[in-house]
Structure formats: C-alpha cells, structure tokens
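Colleague: Following is a predicted model, sequence given first.
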Number of protein chains: 2
Amino acid sequence: MDHDIPRLLAFADTLADAARSAILPHFRVPHRVDNKSDTHFDPVTEADRASEQRMRQLIEAGFPDHGIHGEEFGEKAGASGYQWILDPIDGTRAFVAGLPTWGVLIGLYYEGAPLIGVMDQPYLDERYRGWMTGAESTIRGATRDLRTRGCAHLKDSTLSSTDPTLFRGTESASFERVRKASKVVRFGFDCYAYCMLASGTMDCVIESGLKAFDIAALIPIVTGAGGGVCNWQGGDASRGGQVLAYGDANIRDQALSLLGAISR
Amino acid sequence: MDHDIPRLLAFADTLADAARSAILPHFRVPHRVDNKSDTHFDPVTEADRASEQRMRQLIEAGFPDHGIHGEEFGEKAGASGYQWILDPIDGTRAFVAGLPTWGVLIGLYYEGAPLIGVMDQPYLDERYRGWMTGAESTIRGATRDLRTRGCAHLKDSTLSSTDPTLFRGTESASFERVRKASKVVRFGFDCYAYCMLASGTMDCVIESGLKAFDIAALIPIVTGAGGGVCNWQGGDASRGGQVLAYGDANIRDQALSLLGAISR
C-alpha cells in the first residue's frame, strides 16, 4: 500500500499545533493535578485532557475512518488500517514540575506497524518528525535532517533513562550492567532523550514499562534518523514494554548482550 | 558592611551575557570533549573554558581586588572580602548530550558568606537572580519575582536529584528514605532544578558530592525566593558537600529527619 506520507505528516503538524495551543497556557501556571491511579501517583492535568480532546476532534473531522488510541480517552476503532496513537503530554511529572523536557507524542500506525511520528516541545519551539526512511527537526523555524551518530563501543556512549527506580525485579540488574559500561549517563528526560538520540547527541535510551503511546511516535523518528528501537530481546517494541533505542547497531548489539546476561 | 547589591547584580548580568556569547556557538555542535580526571569521566569542553576565561577577564578588569574561584582555572586570591565563584557550565554532561538544562553559575561571596547569585540558561533565554532577601527571573524578556511554594508534607512534595547513582555508602539509603516519602521524583536537572524550586514548581532538591561552585550561585536564588539551602545536618552548605534545598521549612525538617535516621 502506498501511503501519502507528506499529507499525513502535514496533518500531524496540524495536530501538534493544536496541542501546543491547548497546553501552553497551562505550563508553569498553578494548576490542579488529578491522580488517575488508586495505587500510586499517576498525574493528569487539564492540559493533558485539553490537548488530547483537541487532537481527537481534528482526526475525527479530517480522517473519520481512522482509529485513535489516546492516553487519556482510550481507543476508538477505525474502519481503515490507520490508527493514531496519542500521548498528549509525555512526561506529565516534568510538566507539573515546570521542567521543559516533556513533549506531545503523535504516532500513526498502519495495520499495527509504525508509519510516521511527531514529537513536539511547545515551550522550546522544537518539533521532531520521522517517517521510517527519514527524519527532520524544526527548531525555532529552522528545519534540518536528523541523523544519529556512529558509536562503535558502549564505553564511549551516552545513555539515558527517565527514572532508574522504575525498573522492576531483574530489570534493575540488567540496566545497571549497561549503565556501568557506558561513558555518560543522564536520567530524567522522557521522550526528549529519544529526540537527542535522533539528533546525534546521545547513543542509547533504555526504559521499561512503556505503553504503546509512550513509544509509537518515537519509533519513526529514531528509525528515520538511522537508528532503531527494539525490545530487550531485540524484537518489536511498537507495543511498549522494555525498550532499547540506539543510534548505532553496535550499541544495540552490546546493550542487548548486557541486558540479557542473566535473564536469558 | 553595606554592599552595592544592584551594582553587583548588574555586573553579574554582564558576566552572564559574556558567558552566553562564549558558549552558545558550541551547543549542539560536534565538539571535542576532554577528560579532566584520571579515574573517571569528568568532561570539559572548549565552551567551559571560553566561558570561564571571558568572565575572569571581566572581573579582573572591573574589580581587580576581588578574588575568583572558578571550576576550570582555579583560585585567584583577592585583596578584598569579595570572591566570585564560577561554574562556567554546570551540567557539562547535559551540555554534551544536547540537553537544555545546564546553566552558567555566577556566585559572589563576601568574607565566605553568599551574597548574590545568578544562574543563566543561554539556550532557553532564562536567567535567575538572587540576593538573599529577594530573587527574580528574566525569561524571554519578562522579569518577575521568584517565590517558593508552601508544602506542609513530604508526601505532597516534588523532589529532584541529578543522579541517584552518585550517592556513596549510607547516602543511598538516606536518599531512598526521602525519595520513597515524596510524591513526585525527577532525576537529571543539575542547577536547573534549584531554579524550579525557587520558581515554586518543585519542593526539594537533594544532592551530594557538590563543590562550592556547584551551589554558590544557587544559595542566594533559593534563599531570596523564600526557601533555603543547608547540608544534611541542617548546617552551612556554602562549601558544597551534601546539600538539601527546600522551598518550605516543613520539608526541610521532614527531609533532615529521614536523611539522618540511620547515620546519626
């Protein structure tokens, strides 16, 4: 099937513009934070809800036969193979703490496979777009191609993970092996770290417990920039779970070996 | 002694402007990263060196009798009680990874006590200034007073620390007690987290192993905004070491109690 990638990317830009307008008035303004979970703190704000609602309205108007899967308002079945996968604010904890490294994630799958993705950071005026065979950023009006950098050895690599305390059971030991083998490690950056990877300033991102909407938009960006995203066994990560994103296949191979050294 | 605080702050702004010009051409541009340490990776770039050199030149010309203590070029004794304490890029690891949460730190001590401080984030066009009895930010041209927020209980607080793997020995257990008692935890933000605390979007920052130049500029910003900075025993933190920054004294008391629960 031929997809009209330029048209779909332009539509994703329209969605990202709408999300920006919905979110920015709430950033760094005292706001009510609700808890979505009975068992732990899982924050959601009016900004998350307004962002997703606006994007869903636009999709329903523009592509009524497309499915939608959003973090806040769930799944709507489609009559075509297309499904938009939306995280209206990835990094809500960073958002409520005033930090500028959250992002709007807009992914599009066709028959379950990643097709295009957009990550938008409204406060920084940074947008990252990917379409599996290419990727670009538009930062403060300047658009350029994205390209991951080469990195032959983990000992020379920069690794990122949002929160090392989120790993469970043997995951902690697996991650620790990679962390100790890496040169620079940065915690805390949610979707933003994947865009730094695609931009060629980081080499590896390792996470676990992701949902599909946490990774859907990022797979085309990282892949289109020349890297890749897989799970900790080297397989498909498009549904989330344990995720490894890399800029250079050498880093993938070395990280997979260390991640699996005990559990396999 | 009466200090001419407005004049000193205006001079610190001049230093921050000079550091911006020295650093920004190097951000997100492939650059050589040197290692300052024989035992571990302690990165320094041309941007760090250019930033500090420019600031030192300006101080030597403007206040020849002031002392200087900078991260990259060491101490220069002064003939007055004033000492400028400079970290040309706090968060060099974030800088080399393309992340926007590093900052230029400019502190001024008088006879060893913090007097004024400036944190500048050139890429975001954000500057934070403090003078022990007040603090303000200038973000994209808009200046406003900084004020920490009230937070009566640690269970409602947002905590930040740059890297939990930097804690040593019993420090890890101490930090873990506070982390588990907090509502939201964010890792990874170096000096930027202290400015979010001063802005009223976070409640607590806990670090260890800091040098004087990592904290000197931040003490007047956090204190001037209504919060405070102390060490893990509640004492002076102006030389670095184990640092606790808080927006509300209730958080200080509860965090100190948990930090010291075993080691004291």
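Modeller: Great, that's in hand.

Colleague: which one is A:His66 nearest to, not counting chain neighbours?
Modeller: Spatial nearest neighbour of A:His66, chain neighbours left out: A:Tyr82 (4.3 Å); criterion: Cβ to Cβ, 6 or more residues apart in numbering or on different chains. Backbone N, C-alpha and C define where each C-beta goes, glycine included.

Colleague: Give the full set of residues in contact with A:Leu105.
Modeller: Residues counted as contacts of A:Leu105 (Cβ atoms under 8 Å, 6 or more residues apart in numbering or on different chains) are A:85-87, A:90, A:117-119, A:191, A:213-214, A:216-218.

Colleague: and the helix or strand harbouring it, what's its mean pLDDT?
Modeller: Under the criterion of DSSP states H and E, A:Leu105 resides in strand A:103-110. Per-residue pLDDT over strand A:103-110 has a mean of 98.

Colleague: before we move on, the earlier item: need the contacts of A:Leu105 in a markdown table (columns: pLDDT).
Modeller: Formatted as a markdown table, those follow (pLDDT from 0 to 100):
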| residue | pLDDT |
| --- | --- |
| A:Ile85 | 98 |
| A:Leu86 | 98 |
| A:Asp87 | 97 |
| A:Asp90 | 96 |
| A:Gly117 | 98 |
| A:Val118 | 98 |
| A:Met119 | 98 |
| A:Cys191 | 98 |
| A:Phe213 | 97 |
| A:Asp214 | 97 |
| A:Ala216 | 98 |
| A:Ala217 | 98 |
| A:Leu218 | 98 |
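
Colleague: Settle this for me: A:Arg54 is touching A:Ala22, isn't it.
Modeller: Yes. Look at A:Arg54 against A:Ala22 with Cβ atoms under 8 Å: they come within range, at 4.8 Å.

Colleague: Comparing these two, which residue is more hemmed in?
Modeller: Shown here are A:Arg54 and A:Ala22; by other Cβ atoms under 10 Å in any protein chain shown, A:Ala22 has more neighbours (23 against 18).

Colleague: Now the residue of chain A at minimum distance from chain B: closest residue in space, sequence neighbours ignored.
Modeller: Shortest chain A-to-chain B distance, computed as Cβ to the nearest Cβ: residue-wise this is A:Gly188, at 2.5 Å. Excluding its sequence neighbours, the residue lying closest to A:Gly188 (Cβ to Cβ, 6+ apart) is B:Gly188, at 2.5 Å.

Colleague: residues in contact with that neighbour?
Modeller: By Cβ under 8 Å, 6+ apart, B:Gly188 lies in contact with A:Arg186, A:Phe187, A:Gly188, A:Phe189, B:Ala94, B:Thr101, B:Thr162, B:Asp163.

Colleague: One more pass at 7 Å, please.
Modeller: Listed by Cβ atoms under 7 Å, 6 or more residues apart in numbering or on different chains, the contact set of B:Gly188 reads A:Arg186, A:Phe187, A:Gly188, A:Phe189, B:Thr162.

Colleague: So what's the gap between stretch A:13-23 and the chain middle?
Modeller: On the basis of Cα atoms, centre = their mean, to the nearest Å, the separation between the geometric centre of stretch A:13-23 and that of its chain is 16 Å.

Colleague: So which helix or strand of chain A has the lowest pLDDT on average?
Modeller: Using mean pLDDT, DSSP states H and E, the weakest-scoring helix or strand in chain A turns out to be strand A:33-35, at a mean of 76.

Colleague: helices or strands next to it in the packing?
Modeller: Packing partners of strand A:33-35 (3 or more Cβ pairs under 7 Å, 6 or more residues apart in numbering or on different chains; DSSP states H and E): strand A:43-45.

Colleague: other SSEs contacting the strand it packs on?
Modeller: Strand A:43-45 packs on strand A:33-35, helix A:92-96, going by 3+ Cβ pairs under 7 Å, 6+ apart.

Colleague: Deepest-packed of the ones you listed, please.
Modeller: Comparing these by mean neighbour count (mean count of other Cβ atoms under 10 Å in any protein chain shown), helix A:92-96 comes out on top with a mean of 24.

Colleague: For that helix, which outside residues touch it?
Modeller: Everything outside helix A:92-96 that qualifies as a contact, by Cβ under 7 Å, 6+ apart, is A:27, A:33, A:43-45, A:47-48, A:89, A:101-102, A:190, B:184, B:186.

Colleague: Ok, stretch A:2-11 next?
Modeller: A:Gly62, A:Leu108, A:Tyr110, A:Leu115, A:Ile116, A:Arg129, A:Trp131.

Colleague: try it again with 8 Å
Modeller: Taking Cβ under 8 Å, 6+ apart as the rule, stretch A:2-11 contacts A:Gly62, A:Phe63, A:Leu108, A:Tyr110, A:Leu115, A:Ile116, A:Val118, A:Arg129, A:Trp131.

Colleague: buried ones in stretch A:244-253?
Modeller: A:Leu244, A:Ala245, A:Tyr246, A:Gly247, A:Asp248, A:Asn250, A:Ile251, A:Arg252 (16 or more other Cβ atoms under 10 Å in any protein chain shown).
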